[in-house]
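Student: I need the structure of the sequence given here:
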Amino acid sequence: EELDAALREAVSGAGIAIPEPMAAAYSAPFLLDRGVSALDQLARGFVPLRTLAIPRPTGRFETTREGATYRTDPAGYARYNGLVGSITALPTESLARFFHSYRDQLSNAYALLGYPAEDLDNTLIAALDGLIAAPVVESPPALVSKGALWAYEDPALEKASDLHKQLMRTGPENTRALQA
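Tutor: As a prediction, this is how the structure comes out:
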């Protein structure tokens, strides 16, 4: 609790305001541990929803139908606008300074995950590379029903990492905004 309070004070002192809907994740306990765990998950192509306690978008995933072909409904991309806007509003220069100021604590927390502490920088780079490498799918992709779930008809899209699939669900504009 003391470390969480100190980190939140340092974040505030660095001029970093945490907007909704990320505020819930920011106020949850074990901020440092959850942060490095989320970074590790992103680097491995996973989406750290539970780790970060970020609320899911409102509304349901919707599809459109063109003949026998189902596609992602582009209107659903707007469900992610708030989260994407809050992420892109974060001041990257201040975040970078914060990262460097707390590198030792971050590296120690990363080592508690079972990795060499000195690999933290490479994990950060891998997470950013994974985000940047995500495909930007301009047209709503075709889907196939898998019972209660949907899968991408295109095998290349279906084989994409969980992170890349999540980014495709946010839509091309949101994906580009996160990649910028």
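Student: Low-confidence regions, this structure specifically.
Tutor: Residues of the chain meeting the criterion pLDDT under 70: none.
Student: the helices in it, which residues?
Tutor: Here the chain has its helices, by DSSP state H, at 2-13, 23-27, 31-43, 49-52, 81-88, 92-101, 103-111, 120-132, 155-158, 162-170, 172-179.
Student: chain center to the first one, what's the gap?
Tutor: With Cα atoms, centre = their mean, to the nearest Å as the basis, helix 2-13 stands 22 Å off its chain's centre.
Student: Show me what counts as buried in that helix.
Tutor: 4, 7, 11 (16 or more other Cβ atoms under 10 Å). For the C-beta atoms, the positions are set from N, CA and C on the backbone; glycine is no exception.
Student: Now residue 164: closest residue in space, sequence neighbours ignored.
Tutor: Distances taken as Cβ to Cβ, 6 or more residues apart in numbering put residue 134 closest to residue 164, at 4.6 Å, once the chain neighbours are dropped.
Student: What distance do you get for that neighbour to residue 51?
Tutor: Residue 134 is 19 Å from residue 51, where distance means Cβ to Cβ, to the nearest Å.
Student: How about residue 102?
Tutor: For residue 102, the distance to residue 51 - Cβ to Cβ - is 18 Å.
Student: if you count what's nearby, which of those two comes out ahead?
Tutor: residue 51 (21 against 18; other Cβ atoms under 10 Å).
Student: list the contacts for the more buried one?
Tutor: Listed by Cβ atoms under 8 Å, 6 or more residues apart in numbering, the contact set of residue 51 reads 34, 37, 38, 41.
Student: Save those residues as JSON lines, and put in distance to residue 128 and neighbour count too.
Tutor: JSON lines is the format used below for these (distance: Cβ to Cβ, whole Å; neighbours: other Cβ atoms under 10 Å):
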{"residue": "34", "distance to residue 128": "19", "neighbour count": "20"}
{"residue": "37", "distance to residue 128": "17", "neighbour count": "19"}
{"residue": "38", "distance to residue 128": "13", "neighbour count": "20"}
{"residue": "41", "distance to residue 128": "14", "neighbour count": "20"}
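Student: And those residues, which is closest to residue 129?
Tutor: Set against residue 129, the nearest of the contacts of residue 51 by Cβ to Cβ is residue 41 (14.5 Å).
Student: how many neighbours does the nearest residue to the closest one once chain neighbours are set aside have?
Tutor: In space, and not counting its chain neighbours, residue 41 is closest to residue 48: 4.2 Å by Cβ to Cβ, 6+ apart. Counted with other Cβ under 10 Å, residues neighbouring residue 48 total 20.
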